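Engineer: Task: produce atomic coordinates for the following.
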Amino acid sequence: MIELLESLQWWQWWVFAMVLVIVETLLPSGILYGVAFAAFLVGAAMAGNVELVSTWQVQLEGFVGLAIVFGWIGRKLRNLLLAPRTADSEFDSRPSRVLKPPGDTEPPLNLNKAAPPAPKPVALKPAAVKPKPAPPNRTIDKTKLPSRHVSVGPERAPHRSYYYAMGLGEEDIAKPFVGVATSWNEAAPCNISLGRQAQSAKAGVEAAGGTPREFTTITVTDGIAMGHAGMKSSLVSRDVIADSIELTMRGHCYDAIVGLAGCDKSLPGIMMAMLRLNVPAVFMYGGSILPGRFEDRDVTVVDVFEAVGKYSTGTVDEEYLHKLEQVACPSAGSCGGQFTANTMACVSEAIGLALPGSSGAPAPYQSRDHFAEMSGQAVMELVAKGGPKPRDIVTIAALENAAKVVAASGGSTNAALHLPAMANEVGIDFDLHAVAKIFRATPYIADLKPGGKYVAKDMYDVGGVPVLMKTLLDAGVLDGSCITVTGKTIAENLADVEFPTDQDVIYPASAPISSTGGVVGLRGNLAPQGAIVKVAGLTKQTFNGTARVFEREEDAFAAVQMKDYKEGDVLVLRYEGPRGGPGMREMLSTTAAIYGQGMGEKVALITDGRFSGGTRGLCVGHIGPEAAVGGPIALIQDGDQIQIDAVAGTINLEVSDEDLADRRAKWSPRENDFRSGALWRYVQTVGDAEKGAVTHPGARAESHIYADI
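Structural biologist: Numbers count the residues shown, from 1 in each chain. Here you go, the predicted structure:
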């Protein structure tokens, strides 16, 4: 050893250092960087004829000392700079403030530990949803997949060079490209956990033989956009989300998609894109928020909106309001009641685009990451087998199943807008009237907020959407023959689900809360194109009252804040439709304030705009034709009598045909303030709410489908 050290030349020390660097690259440890650097310095000193290293003893001592010092530095630098960033550090840098309500059956995700094996979904056999692992040596022929246009053949060498730049190897480029699309952002808690879940979806894609390519789209969060002009952007965002995903998939020729969504319009927007593209696709909801706890009860953000009304009447003080707002939303996730996000999450399972049970767990739970990984594996199974593709899954029967689940759960009226829009993507006629007909014939069985007692987490705790669907299936309400992304039918997916009898969140379909769904359609001379109203939890479903007309929501909200209305009024909020708003705003601020003032069932509200999934009371939305095109709602005058009968399904203006004709002759269109930009463009293309407020012709006008390129 001594003779070897004495015989080494400076350049041999450098060769030794380079060998160590190569070994470190292949077997990363951190320490070898330090050893290599020490060897390099010793060689450099010898090359400079430094007397300090002229003897082997000094060489050895210096080498060992430098190796220890620089090895420690190397390990630290490697951990800091070279280790891959986790989803949590990259997307969730500020951990959610989680308050664990009593009775939780699963702890929230600990961001500092590796996730243990996920628990079985309640009452759902894992084998019913978990795809088989891909054989390690499975290869998929890309010559008929869209990604061949960017990855196969000598002429695609420039395209492949970009993938090499992003760290992909030849094997990665040879695999199918799977888009992993999320609406992650820091706009609201609904979306903040999606980045974390996307990493699990990507891991599932990789494990099953694909190459994931992550990208994001926009969202507009209704809760923050509510009550001001920002809400005009909400419905518009649904179509922008669908369009942006379509363009990303088309532009980069991805072969399949896993879509993760959290906020209201991102759920239908992503599912619309899947139907439009018709490549193998699996949808997954990002999960509900945990319920807040306040004064020994569960609360949601709707309680805060209603507390604003209580504050305006002096029922509560500012300190009460401040304390409530601090605890109402204790974690990541979408609003906790059966509002629009949770409604459309139920739709994703009922319609067959999501894995069974995947929509239930709250956003902070570890099982969300488990389902995300399963979704990534499942989409690769669909790629390998060539389907079923979204348009194989979303048939008229599947759309009807989705509408039945909305009605049974007391879901959001917005489903009557989104289901027709999804149907448009596959060329199926399924308008507001078709949806409303199903709503009326479906039993209401889930006691969920805003009309009921429980939140989304409570339904998850008793088995989630599979239990709801199972009792509907057993009662003959659902069509069990519809195919799903598992490759199995709904009946097969639910075969092992058992209905728990020791709970009152979900009632048996044979003994429902009511025989009619929680959402019903209306029609009459005030709404020739129809309207929609949520009746879940209402004790009174008929109303005869006097019109009080407002030309925009802000004026109505101001009147409510000043208590400038009275019992028996029908508040008419018009010029809030898709074209007239523009954007068809939701009006939760106004309806919640009325409820907070104790006037919830003493007045009625009607609009050509929308009401939030969190709205309760006799609130009629989607009235068409809208005021902007001269619909009857534009002709209402203060003092007119309006009759609403949710039992019979009618809404009428008690004004003679002659008077209405006279008013119509005097009516002239109004211009809005949005004369350029995205909202202007939306007005030029958007259609009636009756057909889903869609912005393009849909599959009926297609001459080709993206999946066939």
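Engineer: Count the residues that sit near the closest residue to residue 513 other than its chain neighbours.
Structural biologist: Nearest residue to residue 513, sequence neighbours excluded (C-beta to C-beta, 6 or more residues apart in numbering): residue 444, at 4.9 Å. Glycine gets a C-beta too; all of them are placed from N, C-alpha and C. Neighbours of residue 444 under the rule other C-beta atoms under 10 Å: 26.
Engineer: again, but for the one 3 residues further on
Structural biologist: Counted with other C-beta under 10 Å, the burial measure for residue 447 works out to 22 neighbours.
Engineer: With residue 489 instead?
Structural biologist: 16.
Engineer: Residue 398 versus that one, what's the distance?
Structural biologist: 11 Å (C-beta to C-beta, to the nearest Å).
Engineer: for residue 334, same thing?
Structural biologist: Taken as C-beta to C-beta, the span from residue 334 to residue 398 is 23 Å.
Engineer: These two: which has the busier surroundings?
Structural biologist: It is residue 334, of residue 334 and residue 398, that has more neighbours when counted by other C-beta under 10 Å, with 33 against 25.
Engineer: isn't that one right up against residue 262?
Structural biologist: Yes: contact criterion C-beta atoms under 8 Å: residue 334 and residue 262 qualify, at 5.3 Å.
Engineer: that older thread, was I right to think the residue nearest to residue 513 contacts residue 518?
Structural biologist: Yes: here residue 444 reaches residue 518: they are 4.5 Å apart, a contact under C-beta under 8 Å.
Engineer: who touches both of those two?
Structural biologist: Contact criterion C-beta atoms under 8 Å, 6 or more residues apart in numbering; residues shared by residue 444 and residue 518: 407, 408, 410, 536.
Engineer: Can I get the residues you listed in a markdown table including neighbour count, secondary structure and distance to residue 310?
Structural biologist: Below are the shared contacts of residue 444 and residue 518 laid out as a markdown table (neighbours: other C-beta atoms under 10 Å; DSSP: H, G, I helix; E, B strand; the rest coil; distance: C-beta to C-beta, whole Å):
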| residue | neighbour count | secondary structure | distance to residue 310 |
| --- | --- | --- | --- |
| 407 | 29 | helix | 31 |
| 408 | 30 | helix | 31 |
| 410 | 28 | coil | 24 |
| 536 | 25 | coil | 22 |
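Engineer: Please list all residues in contact with the residue lying closest to residue 628 once chain neighbours are set aside.
Structural biologist: Counting by C-beta to C-beta, 6+ apart, residue 628 lies nearest to residue 580, which is 3.1 Å off, once chain neighbours are set aside. Residue 580 sits next to 574, 608, 626, 627, 628, 629, 670, 672 when contact means C-beta under 8 Å, 6+ apart.
Engineer: Just the buried subset of the residues you listed, please.
Structural biologist: Buried subset of these (neighbour count, 16 or more other C-beta atoms under 10 Å): 574, 608, 626, 627, 628, 672.
Engineer: need the contact list for the fifth one.
Structural biologist: Shown here is residue 628, whose contacts under the criterion C-beta under 8 Å, 6+ apart are 575, 577, 579, 580, 608, 634, 669, 670.
Engineer: Which pair of those residues spans the longest distance?
Structural biologist: 608 and 669 (13.9 Å; C-beta to C-beta).
Engineer: Ramachandran coordinates for the closest residue to residue 700 other than its chain neighbours?
Structural biologist: Closest residue to residue 700 apart from its sequence neighbours, by C-beta to C-beta, 6+ apart: residue 427 at 4.6 Å. The phi/psi pair for residue 427 (degrees, to the nearest 10) reads phi 80, psi 30.
Engineer: gap between residue 427 and residue 397?
Structural biologist: 15 Å.
Engineer: So which of these two has more stuff around it?
Structural biologist: residue 397 (17 against 14).
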